[in-house]
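Undergrad: I would like the atomic coordinates for the input below:
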Amino acid sequence: MNHDYLDPINSLHVPELADTTFAMDLLLRAKEGVRNIAVALTESASPDVRTLLRNQLMQGIAMHQEITELMINKKWFHPHELSEQYKLDQLSANNTLMIGKMNLFPVETNRKGMFDRTPDDH
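TA: Residues are numbered from 1 along each chain as shown. Here you go, the predicted model:
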C-alpha cells in the first residue's frame, strides 16, 4: 500500500466504506429512537400525547425496517447469518485500527502535479 494517504489512489473503496458506516449509524439511531419513544409512551398520561407517540413509534419501526432491508440487500448486514456478520465486524474493526495508525497529517502536504488538471485560479 502506498502510505501517502493524500494520494487520490488511496481513496479507492472509501465511499463504499463510508456508506456502510453511515447506514449502520443510521440503523443504530433508528433503534435508539424507537426505544426512547417506547419509554416516553409508557410514561405519558395524556391520550393525545399517547396517540402522537404511538404514531411516531410506528414510523420509527417502519424506518428501522427499511434501513435493515437496505443493508441486507446491499450485503452490509447479515442478521440471520452470524458467521457472515462476524466477518464484516472483523473487517470493520481492522479498518478502524488501520485508520487509527495512519499518519493523516504528514509534514509535506503539497500535492501539486498529482491530479489530471490544475485547480481553478479563483
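Undergrad: okay, CA-based contacts and neighbour counts for the rest of this
TA: Will do.
Undergrad: could you say what helices and strands the host helix or strand of Arg54 packs with?
TA: Under the criterion of DSSP states H and E, Arg54 resides in helix 47-73. Applying 3 or more CA pairs under 8 Å, 6 or more residues apart in numbering; DSSP states H and E, one finds that helix 47-73 contacts helix 14-43.
Undergrad: Roughly how far does the most centrally placed residue in the chain sit from Ile67?
TA: In the chain, the residue lying closest to the centroid (CA atoms, centre = their mean) is Phe22, at 1.8 Å. Computed as CA to CA, to the nearest Å, the Phe22 to Ile67 distance reads 11 Å.
Undergrad: Likewise for Gly33?
TA: 13 Å.
Undergrad: before we move on, back to that, helices and strands around the helix or strand that the helix holding Arg54 is followed by, which ones?
TA: Downstream of helix 47-73, the first helix or strand assigned by DSSP H and E is helix 82-101. For helix 82-101, not one helix or strand is in contact under the criterion 3+ CA pairs under 8 Å, 6+ apart.
Undergrad: Any buried residues in helix 82-101, and which?
TA: Across helix 82-101, burial judged by 16 or more other CA atoms under 10 Å covers 85, 88.
Undergrad: Need the residues that contact that helix.
TA: 76-79 (CA atoms under 8 Å, 6 or more residues apart in numbering).
Undergrad: worst-scoring helix or strand of this protein, pLDDT-wise?
TA: helix 82-101 (a mean of 88; mean pLDDT, DSSP states H and E).
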